[in-house]
Each structure stands twice: as structure tokens, then as C-alpha cells.
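Colleague: predicted model and sequence follow; I will ask about them next.
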Amino acid sequence: MSRAGRAAGEDYGIFANRWWVVVASAFGLIVSAGPINIFAFGVFLKPVSQALGISRGLLGSALLITTAVGTLANPVVGALVDRFGPRRVLMPGIALYAMGVASYSLMTSSAAMIYLLFALSGVFGGAQSPVPYAAVVSKWFDHERGLALGVAMGGVGVGAAVVPQLTALLISHYGWREAFVWLGVCMLLIAWVPVAIFVREPAAYGTARAAKRRSPDLPGVSARDAILHSWRFWALTVAFFLGVAAINGTLSQLVPLLTDRGMSMQAAASILGVAGLALIAGRVISGWCLDRFFGPYVSICFYLFPIAGIALLGRGSGGLVPIVGTLLCGLAVGAEVNLMAFLVTRYFGLKAYGTIYGVMFGFFAGANGVGPFLATHSYNWYHSYGPAFVWFQAALLVAIALFAPLGPYRYPAGQSMPALEEGAAAVPT
């Protein structure tokens, strides 16, 4: 227990180990909006469309609504995290998102009803995004912040691997309607329970928030100053937007790209699975590097990987070439969320972290639709993914150019609140 905790006469028992906060965050992110909206959705797509007699395009449009609403919700969620603390956002947010997913069981063939259900899920899904989890982990760690964020964010990669299997199992045993309900229950067990038990803020932050009118001086800049007056905010925002559009735009077309070249669907899907494993590795490796090397340099290195990976995928070669290309892209997409969460803390501090990161993450989430759009239209216009791959490599080079001039950290390790590194005292905010 920290000296601050002992001085206050507080005994938090198991909460004295701040790594439990990281573990609980990782569990929460296993069933976050990303794995549920993208990976579980793909498993539900065929049985739901067949049962209701609707097109897959209708469900795809509904998912686009969910993504758009979630993108708008992220800045709001971030502001709520800054105002009330991550725990008070996560506890109701997880429960409401689980109920939103379970409500998909009520779908009929009515397009209006489908859009309404998916829109409501998008609103609640904003609370089950990396934003509140990154905020609470960053407040517990300073010198080891990169690794802690990497481990926590690795939960998304685990979700990408586990959630589709869980979804398929539920559908096979209960049918798609009951599967949605059981998926909501699983979300409560996997996310809500660990968060309820372990996720707390360090005591200093709860105290500072309670006394905000008298002492607003948490380390960092205001959201207004960061968003309206800092070129670094927009440099990072554009760099991560371009990165996720390029990498996810490539990976989203991997299976059709390889099957067009004569590879079986099963073999192509297996290669895509390499990206999921690389995503987990990218989160942890990038976090380890961020604690030891200058963040923009780490970002540049991880953005060089997909440039090479896209080049390999565009060659048309077989054997190990597409596997290596997919691996390089997967490492980069795994690192991106971690890089963004870390660099926001170092350049803008923790004072308005939730709002700043929420706005940036909103643009980042929106880019998930831009890359696939460009890739599919490249194929429609030119009957080839080659032009899109050139666009994507150019976008990554622009992103690298934006990382290069960021300059020294404004809030390096050691300039956070004193209780951060002691990391024992916590308050259930």
C-alpha cells in the first residue's frame, strides 16, 4: 500500500496491485464494441438474413449506422470519463451495451426497427470502447504505461479470436435469437464482473475530481486547448486516421484478394487469422517499446511494417509471401490503438485525457469504413486492388511525415501525480 493510502488509514486489500486493473480492462475489451460489432456480426450475418428474408446489405447498412453513432458517442464518453471517472461510465455502460446486443433478438424484417436497434447499440457501445479503459490504466501507470496499455488493449485481439467462436457455438445450440441474449449475458460475466471488482482510480484522482472547483490542476492541458490550438493533436489524429484506413482497408480485402488468385476460402481465412495473432503481439510489443524508446520513432517503425506488408500482398506471389505480408499489417494495426492512447498522455497529459482521446478515437473509428470503401471501389473501377494499395502506401508515408516533427514530450514520465507510481490506494469512483 502507498504511503498516501496508509496515511488515510485505508485498506484496499487486493486493489493494492494495480496490474489487476490492467487484467480487468483486458477482460472488458474482449467483449468491447470492436469484437462484437465486427467479428460477432460476421457470424450472425447469414443466419439472420436468411431467417428474416432480408438482404445482407440491409444488415451491413445497419452496422454502418452503429459505427457512425459510436463514432459520435466516443467524444461524449470521453467527456463523461473526465467528469465522473472511468468506473462510473463503465459500470452502467457495459450493462446497457449488453442489453443493446441482447435486444437484437427482437429484430424483424422491418428496416426501421433494425436501424433503431443498431443505433441504440451504437450509443451504448461508445462506453464499451478503449476510451474509458485507456483512461483508468494511464492513471495507474507512468513509467510502465506503454506496457500496461499494450496488455490491456490486447483484450481486443483476444476478442477478435474468441468472440466469433463463442458466437458460432451459441447459434448452433440455441439459434440466432437466443444467441444474442446469451451473448449479452456473456458480456456481463466477462466484462462487468471484473470491472466491478477491480477497476478503480488512484485515490489522488478521485480526491482531485472531488475538489475540482478548488484545485483543477491535474497534469495536462484542457480539451479546448488541445483540439483548437494544438497542431500536434491534428497531426496525430490525421496520422492515425490514415494508418487505420490503409491497414484495415487492406486486411478487409485479404480473403477475396487471395481467393481471386486461386487460393481456397479456408486457406485464405487461415491467413487472415495470422492478422489476429499479430494484432495481440503488436499491442504488447509496441507497449514495451514505448516505455523504452521515443514514441514517434516507435510509431514510424510500426508504420513502415504495413508499407512492406502491402507491397508483399500486392506482388501476387504465393507461399510464405502473403503470410508475411499479413503478419506485418497485423502488427501495425495492433500497435495503433496503443500508440494513440500513449502519445495522447505524453503530449496532452491526463487533465482532459478522456475527452481528447475520445475525439481522436472517434476519427480513428470512422476511418474503419473509409479504407474498405476505397479498396472495394478500386476493384470496381480498375478490376484490381493495385491502385488502392498504392493509395494506402502513400497514406502511410504521409502519416510517417506527421509523426516526425512532434518533438519532445510535454508530459514525460515522472511529471504525473505522485500517487501514480505508488499505485496502491484506490477509490471506487
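Modeller: Everything's here; your move.
Colleague: could I get the full set of helices for the stretch 301-429 of the chain?
Modeller: Along the stretch 301-429 of the chain, the stretches classed as helices by DSSP state H, counting those that start in this stretch are 321-348, 353-382, 386-403, 419-422.
Colleague: tell me which of the ones you listed is the most buried.
Modeller: helix 321-348 (a mean of 26; mean count of other Cβ atoms under 10 Å). Where C-beta positions appear, they are placed from N, C-alpha and C, glycine not excepted.
Colleague: give me the angle between it and helix 353-382.
Modeller: 150 degrees (axes from the mean of the first three to the mean of the last three Cα atoms, to 10 degrees).
Colleague: next, the angle helix 386-403 makes with helix 321-348.
Modeller: 30 degrees.
Colleague: report the rounded mean pLDDT for helix 321-348.
Modeller: Taken as a whole, helix 321-348 has a mean pLDDT of 90.
Colleague: what packs against it?
Modeller: Packing partners of helix 321-348 (3 or more Cβ pairs under 8 Å, 6 or more residues apart in numbering; DSSP states H and E): helix 130-140, helix 145-174, helix 231-251, helix 254-260, helix 265-290, helix 295-314, helix 353-382.
Colleague: and the very next helix or strand once past the second one, what's buried?
Modeller: Downstream of helix 145-174, the first helix or strand assigned by DSSP states H and E is helix 176-187. For helix 176-187, a neighbour-count test (16 or more other Cβ atoms under 10 Å) marks 176-177, 179-184, 186-187 as buried.
Colleague: ok, back up a step: in JSON lines: the helices of the stretch 301-429 of the chain, plus distance to residue 86.
Modeller: Output for the helices of the stretch 301-429 of the chain, formatted as JSON lines (distance: least, Cβ to Cβ, whole Å):
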{"stretch": "helix 321-348", "distance to residue 86": "13"}
{"stretch": "helix 353-382", "distance to residue 86": "8"}
{"stretch": "helix 386-403", "distance to residue 86": "28"}
{"stretch": "helix 419-422", "distance to residue 86": "15"}
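Colleague: if we can go back for a sec, dump the helices and strands packed on helix 321-348 into JSON lines; add mean pLDDT and distance to residue 19 as well.
Modeller: Putting these into JSON lines (pLDDT from 0 to 100; distance: least, Cβ to Cβ, whole Å) gives the following:
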{"stretch": "helix 130-140", "mean pLDDT": "90", "distance to residue 19": "9"}
{"stretch": "helix 145-174", "mean pLDDT": "86", "distance to residue 19": "8"}
{"stretch": "helix 231-251", "mean pLDDT": "91", "distance to residue 19": "27"}
{"stretch": "helix 254-260", "mean pLDDT": "79", "distance to residue 19": "35"}
{"stretch": "helix 265-290", "mean pLDDT": "82", "distance to residue 19": "13"}
{"stretch": "helix 295-314", "mean pLDDT": "94", "distance to residue 19": "22"}
{"stretch": "helix 353-382", "mean pLDDT": "81", "distance to residue 19": "20"}
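Colleague: winner for burial among those helices?
Modeller: The most buried stretch of those, if neighbours are counted by mean count of other Cβ under 10 Å, is helix 130-140, with a mean of 29.
Colleague: check the offset of it from the chain's centre.
Modeller: 12 Å (Cα atoms, centre = their mean, to the nearest Å).
Colleague: other SSEs contacting it?
Modeller: So helix 130-140, by 3+ Cβ pairs under 8 Å, 6+ apart, packs with helix 19-30, helix 56-84, helix 86-102, helix 145-174, strand 201-202, helix 321-348, helix 353-382.
Colleague: out of the ones you listed, nearest to residue 40?
Modeller: Residue 40 lies closest, by Cβ to Cβ, to one member of these: helix 145-174, at 4.6 Å.
Colleague: compare the helices of the stretch 301-429 of the chain and give me the one nearest residue 135.
Modeller: Checking the helices of the stretch 301-429 of the chain against residue 135 by Cβ to Cβ gives helix 353-382 as the closest, at 4.9 Å.
Colleague: which strands and helices sit next to that closest one?
Modeller: Here helix 353-382 touches helix 56-84, helix 130-140, helix 223-229, helix 231-251, helix 321-348, helix 386-403, going by 3+ Cβ pairs under 8 Å, 6+ apart.
Colleague: next, the buried residues of the helix or strand containing residue 197.
Modeller: In this structure, residue 197 sits in helix 193-198 according to DSSP H and E. Within helix 193-198, the residues scored as buried using 16+ other Cβ under 10 Å are 194-195, 198.
Colleague: which of those residues lies closest to residue 17?
Modeller: Checking the buried residues of helix 193-198 against residue 17 with Cβ to Cβ, the nearest one is residue 198 at 9.3 Å.
Colleague: centre-most residue in this structure?
Modeller: Closest to where the C-alpha atoms of the chain average out (Cα atoms, centre = their mean) is residue 130, at 4.8 Å.
Colleague: for residue 327, give its distance to residue 48.
Modeller: According to Cβ to Cβ, to the nearest Å, residue 327 stands 33 Å off from residue 48.
Colleague: next one: residue 374
Modeller: When distance is defined by Cβ to Cβ, residue 374 is 28 Å away from residue 48.
Colleague: one more: residue 270?
Modeller: Counting by Cβ to Cβ, the gap from residue 270 to residue 48 is 25 Å.
Colleague: before we move on, what about residue 364?
Modeller: Taking Cβ to Cβ, one finds residue 364 at 28 Å from residue 48.
Colleague: quickly list the domain ranges of the protein.
Modeller: 14-216, 223-403 (automatic domain parsing).
Colleague: turn these into JSON lines, columns for distance to residue 413.
Modeller: Listed next are the domains of the chain as JSON lines, based on distance: least, Cβ to Cβ, whole Å:
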{"stretch": "domain 14-216", "distance to residue 413": "5"}
{"stretch": "domain 223-403", "distance to residue 413": "8"}
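Colleague: ok, now which ones touch the closest residue to residue 156 other than its chain neighbours?
Modeller: The shortest distance from residue 156 to any non-neighbouring residue, by Cβ to Cβ, 6 or more residues apart in numbering, is to residue 29 (5.0 Å). Residue 29 sits next to 130, 133, 152-156, 159 when contact means Cβ atoms under 8 Å, 6 or more residues apart in numbering.
Colleague: and the contacts of stretch 308-321?
Modeller: If you take Cβ under 8 Å, 6+ apart as the criterion, stretch 308-321 is touched by 246, 250, 254, 257, 261, 263, 322, 324-329, 332, 385-386, 389, 392-393, 396.
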